[in-house]
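Asks: Let's see this in three dimensions:
(4 chains)
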Protein chains: 2
Amino acid sequence: MKCANRQTSGEMIEPKPTRRRAGTSYDVARRAGVSQSAVSRCFREGESVSPKTRALILAAADELGYRPNAIAQGLITRRSNLVAVIISNLTNLYYPEVLAELTAKLSAQGIRVLLFTLAAESEIDQVLDQVWRYQVDGAIVAARLSPTQMEAFRKRDIALVLYNRDGGGTPVASVSCEFAAGETLLVDGLVAAGCRSFGIIAGPADSTVGEAHVRGVCARLAIAGIDNVPVDRGDFSYEGGHAAALRLLKAHDLDAIIAANDVMALGAMDAARIDCGIAVPEQLSVVGYDGVAPAKWRSYRLTTVRQPVGRMTEAAVSMLIERIEKPDLGPERRLFSGDLIRGESARLLP
Amino acid sequence: MKCANRQTSGEMIEPKPTRRRAGTSYDVARRAGVSQSAVSRCFREGESVSPKTRALILAAADELGYRPNAIAQGLITRRSNLVAVIISNLTNLYYPEVLAELTAKLSAQGIRVLLFTLAAESEIDQVLDQVWRYQVDGAIVAARLSPTQMEAFRKRDIALVLYNRDGGGTPVASVSCEFAAGETLLVDGLVAAGCRSFGIIAGPADSTVGEAHVRGVCARLAIAGIDNVPVDRGDFSYEGGHAAALRLLKAHDLDAIIAANDVMALGAMDAARIDCGIAVPEQLSVVGYDGVAPAKWRSYRLTTVRQPVGRMTEAAVSMLIERIEKPDLGPERRLFSGDLIRGESARLLP
DNA sequence: AAGCCTATTGCATTCGAAGTCGTTTTCTGT
DNA sequence: ACAGAAAACGACTTCGAATGCAATAGGCTT
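Replies: Next comes the predicted model:
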């Protein structure tokens, strides 16, 4: 097309002598003296090409630096080998690890990652719009999806796996970490160590996981005869945890704080130790949930429940691939349990 | 084709009544009673479609949930609207923030992010192979590239912007943060406060940025008459910084440690305070470089130089887009300067 | 009302690789 | 050496959208 234009324009100006040609299977075919079909077959598994032809083609491809065009492949095979990974906020300190593991594992399976991050939950519809356009084979979502949105995946036959969330009634594949066991251990351990006055730092009120967590802890505390536990909320950030802890400690005389995630727990530890001069764990036990890297740091040594991120991402990836290959596989909920990490931020009896 | 097959096979078996049709521009066209061309034009900027036709088409598209197939668009327009983001190790605590900003800014420009992470530097060639296949319009790379690899981008006319690295001789667009100014301030401030015995915790020996940093600090120290500064190395991780600091402190009687990044500096602080019982900053000043979130935490309040990540990613994205649109734009090196954050981990005089 | 001009529209082609199908070449076995 | 089977090969079509071009419709001028 461009060429045509240049030819019709009478002059001989050649603005780009080294016009970069993409290098297509036709170019390789011409150079190797074979058909385009042969080139195509040469680059696919299990197609029959004679060793002689293959050598010719590979040599030609090599000289041209030819690589099959994945976009064209995607169009004809209806398989883009793309998977959307949608993560609500990457600044969460817990998610980068998840993301790194997911991309590594998907890459190992020959799948590329199309990354979408959400600054606000409201962006999700725009993101999904792009997801539809790019003909992804599947998606791993660590963000809140409405039933309608999940249904949209089903309608379009796009495999979907939720990470650290469940469908909340909608049948869908999901991977998450149950906190019941860890929670029980933590609560019972704290109670056994003599804690009586608890405070909870929860996530935002609209966080499903967060709420379940709070309910679970309260239920367990109730069993131990402890009721009316004060709850404050943070946004899963250090500052949020710090502020919430200050409010709790100002209003109540606590001997244990249970935070919904590690980073808030670290904020709470600092609020207690540094701002309020309360010794941790002697006067106040603080526990978190996640097992992020900074929780291990010597200044904190947080007592927490570590999520098995490696196994969870592994599960998410294999569930996704299963569903890509077998689209009508039913919903499945895979629950992992966390490991209790006995740090030094809480007095905890077994 | 599938339809043809079903018709020729005499029987009337219809294995999937709800056969999921992708919903193409042809389907929309048929439904709206117009040509496929009209549908295409209706979804592009600046194409002429009468208001009447547009309404018809949009209605039909809406009913079918039609979205243009970005893969097919990419094939014909030779613009995938995909950009590869290649990051060496996401677990670095500094990169998640960068990644989040990059994807947000690229998304805002209508560009999708194809994410590649490297567990080892050696994987880069496999990653590039995939990058070529996916016909990305450009790439932002925060990883070490050989001159040959950079040349490969040029050959294929793929826009390239290095992040936090420079070409090291090879002409290429790059964004980075110069540390000279921050370094000078830090070193001079420490010297002014009376520090004489320095130790440096550098990154791995093969890290270009890391090395330049070390040389810069040494040069500035030399000006103050301080030579033979002991250097130990970490891998930019907390544990690495912690271990390096222990070695340095065991072997020398230091009054200041300069670390190549924040996370190592935090490890060093803990090594000093907790393992060696050295007061920071009274007996030992520790400074870092980056300005990651945990550096601000109350337990640390690290004195550091904060990289202007927002402006840097902004620059990377706009440089990349410029180069996508104007492929023969020359190399350009954009240097930002960091802000000195006066924390409480160092005695520093202005 | 005739003559122009411009805004719409559809047809046909194109992007690059995959896959179908019919043809040719290469093996086997006898 | 020959029939028959299997492997290798190439022409052609296809995926879904974009676009040059020609045809048409509509509006405006005089």
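Asks: hey, let's count contacts and neighbours off CA atoms from now on
Replies: Fine.
Asks: Dump the strand or helix carrying A:I71 to CSV, keeping only the CA atoms.
Replies: Applying DSSP states H and E as the criterion places A:I71 in helix A:70-77. Output in CSV follows, covering the C-alpha atoms of helix A:70-77 (Å, rounded to 0.1, in the frame of the first residue of the first chain):
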residue,chain,number,x,y,z
ALA,A,70,1.7,-14.5,17.6
ILE,A,71,-1.0,-12.0,16.6
ALA,A,72,-1.7,-13.7,13.3
GLN,A,73,-1.5,-17.1,15.0
GLY,A,74,-4.0,-16.0,17.6
LEU,A,75,-6.4,-14.8,14.9
ILE,A,76,-6.4,-18.1,13.0
THR,A,77,-6.2,-20.5,15.9
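Asks: Could you check that helix and say which residues are buried?
Replies: A:A70, A:I71, A:A72, A:Q73, A:G74, A:L75 (16 or more other CA atoms under 10 Å in any protein chain shown).
Asks: Same list, those, but as TSV with distance to B:V28 please.
Replies: Putting the buried residues of helix A:70-77 into TSV (distance: CA to CA, whole Å) gives the following:
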residue	distance to B:V28
A:A70	26
A:I71	23
A:A72	23
A:Q73	24
A:G74	22
A:L75	19
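Asks: which of the residues you listed lies closest to A:C177?
Replies: A:G74 (34.7 Å; CA to CA).
Asks: Now that the closest one has come up, it's in contact with A:S80, right?
Replies: Yes: at 4.4 Å, A:G74 counts as touching A:S80 under the criterion of CA atoms under 8 Å.
Asks: Return the residues of chain A in contact with DNA strand C.
Replies: Residues of chain A lying close to DNA strand C by CA under 7 Å from any atom of the strand are A:22-26, A:36-37, A:39-41, A:43-44, A:67-70, A:72-73, A:75-77.
Asks: Buried only: go through those residues for me.
Replies: With neighbours counted using 16+ other CA under 10 Å, the residues of chain A next to DNA strand C contain these buried positions: A:22-26, A:36, A:39-40, A:43, A:67-70, A:72-73, A:75.
Asks: from the residues you listed, which single one is nearest A:F116?
Replies: Of all these, the one sitting nearest A:F116 is A:A70; the distance, using CA to CA, is 20.5 Å.
Asks: Wait, that closest one touches B:Y134, no?
Replies: Yes: taking CA under 8 Å as the definition, A:A70 is a contact partner of B:Y134 at 5.1 Å.
Asks: ok, back up a step: just checking: which of the buried residues of helix A:70-77 also lie near DNA strand D?
Replies: When these are checked against DNA strand D using CA under 7 Å from any atom of the strand, the ones in range are A:A72, A:L75.
Asks: And what about A:L266, helix, strand or coil?
Replies: Three-state call for A:L266 (DSSP: H, G, I helix; E, B strand; the rest coil): helix.
Asks: On the pLDDT front, check the residue lying closest to it once chain neighbours are set aside for me.
Replies: Ranked by CA to CA, 6 or more residues apart in numbering or on different chains and with sequence neighbours excluded, the top spatial neighbour of A:L266 is A:Y238, at 6.7 Å. Predicted confidence (pLDDT) at A:Y238: the value is 96.
Asks: Look up how far B:R323 lies from A:Y238.
Replies: When distance is defined by CA to CA, to the nearest Å, A:Y238 is 39 Å away from B:R323.
Asks: Which residue of the two possesses the greater neighbour count?
Replies: Comparing A:Y238 with B:R323 by neighbour count (other CA atoms under 10 Å in any protein chain shown), the higher total belongs to A:Y238, at 25 against 22.
Asks: these two touch, right, that one and A:M269?
Replies: No: with contact taken as CA under 8 Å, A:Y238 and A:M269 are classed as non-touching, separated by 10.1 Å.
Asks: Could you pull out the helices in the stretch 1-150 of chain A for me?
Replies: In chain order, the stretch 1-150 of chain A shows helices spanning A:2-8, A:25-32, A:36-42, A:51-64, A:70-77, A:95-108, A:124-133, A:147-155, with DSSP state H, counting those that start in this stretch as the criterion.
Asks: among those helices, where is the model least confident on average?
Replies: Lowest mean pLDDT of the helices of the stretch 1-150 of chain A: helix A:2-8, a mean of 33.
Asks: Pull the number of nearby residues for A:D328.
Replies: By the criterion of other CA under 10 Å, A:D328 has 12 neighbours.
Asks: you'd agree A:C218 is up against A:A224?
Replies: No: taking CA under 8 Å as the definition, A:C218 is not a contact partner of A:A224, at 9.8 Å.
Asks: Could you give the bridge partners of A:R306?
Replies: A:D290, A:D339 (DSSP bridges).
Asks: can you pull the contacts of it?
Replies: Contacts were defined as CA atoms under 8 Å, 6 or more residues apart in numbering or on different chains; by that measure A:R306 touches A:Y289, A:D290, A:G291, A:V292, A:G338, A:D339, A:L340, A:I341.
Asks: make it 6 Å
Replies: A:D290, A:G291, A:G338, A:D339 (CA atoms under 6 Å, 6 or more residues apart in numbering or on different chains).
Asks: nearest spatial neighbour of A:V309, skipping sequence neighbours?
Replies: Leaving out its chain neighbours, the residue that sits closest to A:V309 by CA to CA, 6+ apart is A:V98, at 6.5 Å.
Asks: what's around the one you found, how many residues?
Replies: The local packing count at A:V98 equals 21, with neighbours defined by other CA under 10 Å.
Asks: And the strands in chain A?
Replies: Counting by DSSP state E, chain A forms strands over residues A:82-87, A:112-117, A:138-142, A:159-163, A:173-178, A:198-202, A:231-233, A:256-259, A:285-287, A:304-306, A:333-337, A:339-341, given from the N-terminal end onward.
Asks: With just CA atoms, put the third one into PDB.
Replies: Included here for strand A:138-142 are C-alpha records, laid out as PDB according to Å, rounded to 0.1, in the frame of the first residue of the first chain:
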ATOM      1  CA  GLY A 138      -8.500 -16.800  30.600                       C
ATOM      2  CA  ALA A 139      -8.100 -14.500  33.500                       C
ATOM      3  CA  ILE A 140      -6.900 -14.600  37.100                       C
ATOM      4  CA  VAL A 141      -8.600 -11.900  39.100                       C
ATOM      5  CA  ALA A 142      -7.600 -10.600  42.500                       C
END
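Asks: any idea how far DNA strand D is from A:G199?
Replies: A:G199 sits at a distance of 54 Å from DNA strand D (criterion: CA to the nearest atom of the strand, to the nearest Å).
Asks: Let me see the contact set for that residue.
Replies: So, once contact is read as CA under 6 Å, 6+ apart, A:G199 ends up touching A:V229, A:P230, A:I257.
Asks: Just the buried subset of those residues, please.
Replies: Judged by neighbour count, with 16+ other CA under 10 Å as the criterion, the buried members of those are A:P230, A:I257.
Asks: and A:A271, what pLDDT?
Replies: In the predicted model, A:A271 carries a pLDDT score of 98.
Asks: thought it was touching A:A244?
Replies: No: taking contacts as CA atoms under 6 Å, A:A271 lies outside contact range of A:A244: 9.0 Å.
Asks: A:L114: which of the contacts of A:R306 is nearest?
Replies: Closest to A:L114, out of all of the contacts of A:R306 and judged by CA to CA, is A:D290, at 25.4 Å.
Asks: so who does that closest one touch?
Replies: With CA under 6 Å, 6+ apart as the criterion, the residues that contact A:D290 are A:N261, A:D262, A:V305, A:R306, A:Q307.
Asks: can we see that at 10 Å?
Replies: Taking CA atoms under 10 Å, 6 or more residues apart in numbering or on different chains as the criterion, A:D290 is in contact with A:94, A:177, A:179, A:260-263, A:304-309, A:338-339.
Asks: Also A:L249?
Replies: When contacts are counted by CA under 10 Å, 6+ apart, A:L249 touches A:G199, A:A243, A:D255, A:I257, A:A268, A:A271, A:A272, A:C276, A:I278.
Asks: Quickly check those for the two that are furthest apart.
Replies: Among these, the pair separated by the greatest distance (CA to CA) is A:A243 and A:D255, at 17.4 Å.
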